[in-house]
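Peer 1: what would the 3D arrangement of this be:
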Amino acid sequence: MSASETVLFHEPGGRWRMLAWGPVFCLVVLAVELASGPVIHWFALVLFSLILVGLTYVQLRAARMHVSVELTTRTLRQGTETVDIAEIDDIFPAAEYADDEYEPKRWETARVLGELSGVPRKRHGIGLRLVGGGLVQAWAKDDEGLRAALETAKREYL
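Peer 2: The predicted structure follows:
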């Protein structure tokens, strides 16, 4: 990203504070052991705390790499894939359906950006038509925010 690019939208994919959950749970167990009995499992609590931090770190790094979103004035990065704003021809509105029928929109079955097999959990797809006519799905937790930022980026790019 160059100095002239402004970040319009960002979702990190995972938060570093998740690393604290394992040690916090071990501290709760330590407090219970201190309050209730003569045996305190110092070594086991430290070991489990380190194991939980290590496992969480691996998952967090993967989430930050593969499930992060960043939109600048020139590019949209979805996980490990980047698309130039110039390549985006159209941004589809959110899909709306009647209660009794559901026929997916064409863009809902399109390839998902980010080299993923589908839209990640707890994220919502956004249909995009690329300049060559191909359909793809962008995605974000805040899909309305990303859609609005994409429309802003598209207007500014023109």
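
Peer 1: just the helices in the protein please.
Peer 2: 21-36, 42-66, 143-157 (DSSP state H).

Peer 1: worst mean pLDDT among these?
Peer 2: Mean pLDDT across the helices of the chain is lowest at helix 143-157; the value there is a mean of 92.

Peer 1: buried stuff in it?
Peer 2: Neighbour counts over helix 143-157 (16 or more other C-beta atoms under 10 Å) mark 143, 146-147, 149-150, 153 as buried. Backbone N, C-alpha and C define where each C-beta goes, glycine included.

Peer 1: of the helices of the chain, flag the one that's most buried.
Peer 2: Of all the helices of the chain, helix 143-157 carries the top mean neighbour count, a mean of 16, counting by mean count of other C-beta atoms under 10 Å.

Peer 1: list the contacts of it.
Peer 2: Residues outside helix 143-157 that contact it (C-beta atoms under 8 Å, 6 or more residues apart in numbering) are 8-9, 11, 69, 71-74, 76, 85-86, 88, 91, 93-94, 123-126, 128, 138, 140.

Peer 1: was I right about residue 119 contacting residue 141?
Peer 2: No - when contacts are counted by C-beta atoms under 8 Å, residue 119 is not listed as touching residue 141 (10.8 Å).

Peer 1: more neighbours: the two, which one.
Peer 2: Ranked by neighbour count (other C-beta atoms under 10 Å), residue 119 and residue 141 place residue 119 first, with 19 against 15.

Peer 1: need the pLDDT of the more buried one.
Peer 2: Listed pLDDT for residue 119 reads 92.

Peer 1: distance of it from residue 96?
Peer 2: Separation of residue 119 from residue 96 (C-beta to C-beta, to the nearest Å): 17 Å.

Peer 1: with residue 113 instead?
Peer 2: Note on residue 113: its distance to residue 96, by C-beta to C-beta, is 22 Å.

Peer 1: higher neighbour count, those two?
Peer 2: Each of residue 113 and residue 96 has its neighbours counted (other C-beta under 10 Å); residue 113 has more, 23 against 6.

Peer 1: done for today, thanks.
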